[in-house]
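# I would like the atomic coordinates for the input below:
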Amino acid sequence: MKIDVIGDVHGCMDELKKLFHTLGYRHEKQIFLHPDGRTPVFLGDITDRGPHSIALIKLVYEMVIVHKKAYYVPGNHCNKLYRYFLGNDVMQRYGLETTVAEYTSLPKSEQQTLKEQFIELYENTPLYLEIPELKTIVAHAGIKEAYIGRTDNRVKTFVLYGDITGKFDEDGRPIRRDWAQDYQGSHWIVYGHTPIKEPRIINKTINIDTGCVFGNMLTAFRLPEEKIVSVPSKQPLVEEKFHYFE
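This next block holds a predicted model:
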């Protein structure tokens, strides 16, 4: 089995197409297929902030649900959009407002179809993906070794939001513990969520959210090759959105 785990896309369809091309995929039947049978894995946050969130939903739905040629795990932005589509009262900020604006501009019939597709996608994918053949776990914000195999609320919060402390920095961003420093497992943990300028490998974990929507790049991690592939972003650079570890 060979996979390409793709970092947080956030509606950046042009960059995703470029990344697929760079990875050797071909655009066939409205989806992307690799001639060697490689499988893409989207690690969540496919929507919000970027220019083409609706197109991302349609593509991922086609690849994961219809054609079964990709995997997907949800991110915190996916969870929020899911709750919005269920009719919950969620705050339309931190990027959700851009997806909602795209969605509400669609004809009513298309809105209903898209909503049903995203709900089906979200409800039929795991909280995190275990791939025993590659000794790999894909989880949006990561996962502690002790949490593997669990899906309770504590684990769900960790997988979607990271190891949050409940505190915030002076810019209002949540302060998270650097859980990867303590990971001693033998499986790869591939995750995103926290935007960084370069992919970060600590122990056997790798963060591949290289902040495409904030103007840096979109990154994939190829397994079993353990190879990093990135393409530049077309979005304007927003320097203050990136996290720097000591």
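
# which residue sits closest to residue 237 in space, ignoring its chain neighbours?
residue 215 (3.4 Å; Cβ to Cβ, 6 or more residues apart in numbering). No exception for glycine: its C-beta is placed from N, CA and C like everyone else's.

# Same question for residue 104.
residue 111 (7.2 Å).

# Look at that neighbour and report its pLDDT.
pLDDT for residue 111: 98.

# next one: residue 246
Looking at residue 246, the pLDDT reads 60.

# same thing with residue 173?
pLDDT, residue 173: 72.

# rewinding a little: ok, the residue nearest to residue 237 to residue 6 distance?
Separation of residue 215 from residue 6 (Cβ to Cβ, to the nearest Å): 18 Å.

# neighbour count winner among the two?
Using other Cβ atoms under 10 Å, the more surrounded residue of residue 215 and residue 6 is residue 6, with 28 against 16.

# Any idea what that one is bridged to?
Residue 6 has these beta-bridge partners by DSSP bridges: residue 42, residue 220.

# cool, residue 26 as well?
On the basis of DSSP bridges, residue 26 is bridged to residue 33.

# can you tell me which residues contact it?
Applying Cβ atoms under 8 Å, 6 or more residues apart in numbering, we find residue 26 in contact with 32-35.

# Top of the residues you listed by number of neighbours, please.
When neighbours are taken as other Cβ under 10 Å, the top entry among those is residue 32 (22 neighbours).

# Wait, that one touches residue 63, no?
Yes - Residue 32 is within contact range of residue 63, at 7.1 Å (criterion: Cβ atoms under 8 Å).

# Report the set of residues contacting both of the two.
Common contacts of residue 32 and residue 63 (Cβ under 8 Å, 6+ apart): residue 40.

# Number of residues surrounding the nearest residue to residue 46 once chain neighbours are set aside?
The shortest distance from residue 46 to any non-neighbouring residue, by Cβ to Cβ, 6+ apart, is to residue 56 (4.6 Å). Using other Cβ under 10 Å, residue 56 is surrounded by 22 other residues.

# same deal with residue 102?
18.

# Against which helices or strands is the helix or strand where it lies packed?
Taking DSSP states H and E as the definition, residue 102 sits inside helix 96-104. Under the contact criterion of 3 or more Cβ pairs under 8 Å, 6 or more residues apart in numbering; DSSP states H and E, helix 96-104 touches helix 53-61, helix 76-85, helix 108-123.

# Residue 170: which of these is closest?
Closest of the helices and strands packed on helix 96-104 to residue 170 is helix 76-85, at 21.7 Å (criterion: Cβ to Cβ).

# Of all the residues in the closest one, which ones are buried?
76-82, 84-85 (16 or more other Cβ atoms under 10 Å).

# Extract the residue ranges of the chain that are flagged as low pLDDT.
Flagging of the chain using pLDDT under 70 yields the residue ranges 171-172, 246.

# Quick check: chain neighbours aside, which residue is closest to the residue nearest the centre of the chain?
Taking Cα atoms, centre = their mean as the criterion, residue 44 is the residue nearest the geometric centre of the chain, at 2.4 Å. Closest residue in space to residue 44, ignoring its immediate chain neighbours: residue 75 at 2.6 Å, by Cβ to Cβ, 6+ apart.

# What count of nearby residues applies to the one you found?
Look at residue 75: counted by other Cβ under 10 Å, it has 29 neighbours.

# need the strands for the protein, in chain order.
Along the chain, counting by DSSP state E, strands occupy 3-6, 26-28, 31-33, 39-42, 71-72, 129-131, 136-138, 164-168, 174-176, 188-191, 200-202, 205-207, 217-223, 227-232.

# Just name the most buried of those strands.
strand 188-191 (a mean of 27; mean count of other Cβ atoms under 10 Å).
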